[in-house]
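> Sequence and predicted structure are below.
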Amino acid sequence: MSPIEHLVTSGTFSLDGGTWEVGNNVWIVGDDREVLLIDPAHDADAVAAQVADRRVTAIVCTHAHDDHINQAPVLAQRFGAPVLLNPDEAPLWKLTHPEHQPDEELRAGQALTVAGIELEVLPTPGHSPGSTCLHAPELGVVFTGDTLFQGGPGATGRSYSSFDTIIASISRTLLALPGETTVHTGHGGSTTIGAEAPHLEEWIARGY
């Protein structure tokens, strides 16, 4: 069994008075005994079916836009697993779940371990104040949420976002990773650090 499984779920993203149809990448890291869920959105039953009878060690939210967290409390209760989120995401989290709180905080340099696989917590603010990536050196991958996509940075035109900040996060944190590192994103296809790095100046010039 591959240590990384991928599921696409569909739903909506709402913020600043607008609503958009979206497809979200749900990432499952682990083995045939235990797994960690990254951004399990929209369809709790589909996620549970993929997990099957495995133990869920944690539900990690890369950020708190509603299309990434809408099923987090439901799945936490279903699996008896904690929800982890950077505390700087609190204002966005409360827009979707005013009656619930995440269970644990994600902090810089923290290491999460599942099935013997270590994932390093990398704060990458910009798309939102506490956007966070997870780097698994052993697997040669980084899970970037909505910070870095195939072809450019995540959107920064909405509340709680900053273009200058996301560019700094990508430049200082993500582009410092090995070029062959696979980038597993929150939406759309995967890419590599090496494929995206040459376009940094282009993104800055275009105000991407």
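Done, it's in.
> Every contact and neighbour count from this point should use C-alpha atoms.
Will do.
> Show the subsequent helix or strand relative to the helix or strand hosting residue 112.
In this assignment (DSSP states H and E), residue 112 forms part of strand 111-114. For strand 111-114, the following helix or strand on the C-terminal side (DSSP H and E) is strand 117-123.
> contacts for that next one?
30, 106-113, 130-138, 169, 173 (CA atoms under 8 Å, 6 or more residues apart in numbering).
> Drop anything exposed from those residues.
30, 106-107, 111-113, 130-136, 169 (16 or more other CA atoms under 10 Å).
> farthest-separated two in the residues you listed?
30 and 169 (27.1 Å; CA to CA).
> avg pLDDT for the strand holding residue 112?
Per-residue pLDDT values over strand 111-114 give a mean of 98.
> And for stretch 51-63?
98.
> What separates the first and last residues of that stretch, distance-wise?
One end of stretch 51-63 sits 22 Å from the other (CA to CA, to the nearest Å).
> Give the buried residues for that stretch.
For stretch 51-63, using 16+ other CA under 10 Å, the buried residues are 51, 54-63.
> can you redo the residues you listed as CSV with secondary structure?
Listed next are the buried residues of stretch 51-63 as CSV, based on DSSP: H, G, I helix; E, B strand; the rest coil:
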residue, secondary structure
51, helix
54, coil
55, strand
56, strand
57, strand
58, strand
59, strand
60, strand
61, coil
62, coil
63, coil
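> Which of the residues you listed sits closest to residue 181?
Using CA to CA, the buried residues of stretch 51-63 come closest to residue 181 at residue 62, 18.2 Å.
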